[in-house]
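Engineer: Sequence plus the predicted model coming up.
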Amino acid sequence: CRGENDSTSNNAGVTHISLPQAFLEGYFPLELCSLPNLVHIDFSQNRLADLPDNIGKCSQLEYLRLGDNPWVLGMENKGFPSSLFELTNLKELQLYRSFLEASIPSTIGKLTRLEVLQLTSNKIYGSIPSQLWDLSTLQFLDLGFNDIEGEISSSISNTNLTHLLLGTNILEGTLPSQIGDLTNLVQLDLSSNYLSGVVPNELSSLSILVKLDLSFNFDLSGSLDGLCNSTKISQNDTDATIETPLFFASEPLVCSCCTRIKD
């Protein structure tokens, strides 16, 4: 039983703790996990140096924003704590620029409520596990600036992505036609990879796309003009609230509405 002066009892109503850029140092305060109603933690852009192995104790969390912290400085293993993927209520996980060196484990599939996953600018390697593409709630995926290899799975259509950012990796193979099923997509960045083959015509189904970057994939061929004709760029819309599409491509891709990027 907890007494009247028990700090956990006194803070039982706390739901959000947001301290970005607060010059925090040291270790993640695992005691926060005892707050029964805490669903949102934002400690991004600080100097915290340890991501505890038992982070899974914070099982009630829905939003965990820990990007831009040198987590690995206090960790023997520079990868993901296994219990991280026991946080099955998570809707958002941010660990960008965190010096992580690991592959994405198949247990990512346990996060069945996940909507946002941001792991950009780490040293993540290996292929994207198939279990990630089975996350039907996933809307925002940023894995850019890592060492991820392999091909983009045709199962990508199982997601509900609005933003797909996989630029600056070592992905190879062809673009799956199922990307065209992502009709809510507004941003697609696959730049600076090793993708090859003909761009599928199904990309023209992405009618609300406003940012596309396929540059620095010099073995991609075909035409993006079908996409040019189907998106807002062809509608001459004068509404200032609508973002003007920005499309980037490199030769030999044909694209009448793209900014050409050369090596």
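Structural biologist: Now that the structure is in, tell me what you want to look at. Numbering: from 1, shown residues only.

Engineer: I would like the residues contacting whichever strand or helix holds residue 247, please.
Structural biologist: Here residue 247, judged by DSSP states H and E, is contained in strand 246-249. With contact meaning C-beta atoms under 8 Å, 6 or more residues apart in numbering, strand 246-249 is reached by 191, 210-215, 220, 224, 227-228, 233, 255, 257-261. Quick note: C-beta positions are derived from backbone N, CA and C, even for glycine.

Engineer: before we move on, what about stretch 255-263?
Structural biologist: By C-beta under 8 Å, 6+ apart, the list of residues contacting stretch 255-263 reads 212, 215-216, 218, 223-225, 227-228, 233-234, 245-251.

Engineer: make it 6 Å
Structural biologist: 215, 224, 225, 228, 233, 247, 248, 249, 250 (C-beta atoms under 6 Å, 6 or more residues apart in numbering).

Engineer: In it, which residues are buried?
Structural biologist: Residues of stretch 255-263 classed as buried: 255, 257, 258, 261 (neighbour count, 16 or more other C-beta atoms under 10 Å).

Engineer: C-alpha coordinates for it, PDB please?
Structural biologist: The C-alpha coordinates for stretch 255-263 follow below in PDB (Å, rounded to 0.1, in the frame of the first residue of the first chain):
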ATOM      1  CA  CYS A 255      10.400  13.000 -65.900                       C
ATOM      2  CA  SER A 256       9.100  16.200 -67.300                       C
ATOM      3  CA  CYS A 257       8.200  17.700 -63.900                       C
ATOM      4  CA  CYS A 258      11.300  16.700 -62.000                       C
ATOM      5  CA  THR A 259      14.400  18.600 -61.000                       C
ATOM      6  CA  ARG A 260      17.200  16.700 -62.600                       C
ATOM      7  CA  ILE A 261      20.000  15.600 -60.200                       C
ATOM      8  CA  LYS A 262      23.300  14.700 -61.600                       C
ATOM      9  CA  ASP A 263      26.300  12.900 -60.000                       C
END
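
Engineer: chain center to that stretch: distance?
Structural biologist: 25 Å (C-alpha atoms, centre = their mean, to the nearest Å).

Engineer: for stretch 192-199, same thing?
Structural biologist: How far stretch 192-199 lies from its chain's middle: 21 Å, per C-alpha atoms, centre = their mean.

Engineer: quick one on the thing from earlier: so can I have a markdown table of the contacts of stretch 255-263 showing distance to residue 60 and neighbour count?
Structural biologist: Shown next, in a markdown table, are these (distance: C-beta to C-beta, whole Å; neighbours: other C-beta atoms under 10 Å):
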| residue | distance to residue 60 | neighbour count |
| --- | --- | --- |
| 215 | 42 | 24 |
| 224 | 45 | 23 |
| 225 | 50 | 15 |
| 228 | 47 | 19 |
| 233 | 44 | 20 |
| 247 | 42 | 22 |
| 248 | 42 | 18 |
| 249 | 45 | 24 |
| 250 | 46 | 20 |
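
Engineer: Just the endpoints, please. Distance across stretch 56-64?
Structural biologist: 12 Å (C-alpha to C-alpha, to the nearest Å).

Engineer: So for that stretch, what gets flagged as buried?
Structural biologist: Quick answer for stretch 56-64 (16+ other C-beta under 10 Å): 56, 57, 58, 61, 62, 63, 64.

Engineer: who touches that stretch?
Structural biologist: Stretch 56-64 has contacts (C-beta under 6 Å, 6+ apart) with 33, 39, 40, 41, 83, 86, 87, 89, 91, 92, 93.

Engineer: what's the neighbour count on residue 71?
Structural biologist: When neighbours are counted by other C-beta atoms under 10 Å, residue 71 registers 24.

Engineer: The stretch 101-250 of the chain: strands as residue ranges?
Structural biologist: 116-118, 125-127, 140-142, 147-150, 163-165, 170-173, 187-189, 194-198, 211-213, 219-221, 246-249 (DSSP state E, counting those that start in this stretch).

Engineer: Give me the helices and strands touching the third one, please.
Structural biologist: In other words, strand 140-142. With contacts taken as 3 or more C-beta pairs under 6 Å, 6 or more residues apart in numbering; DSSP states H and E, strand 140-142 sits against strand 116-118, strand 163-165.

Engineer: Noted, bye for now.
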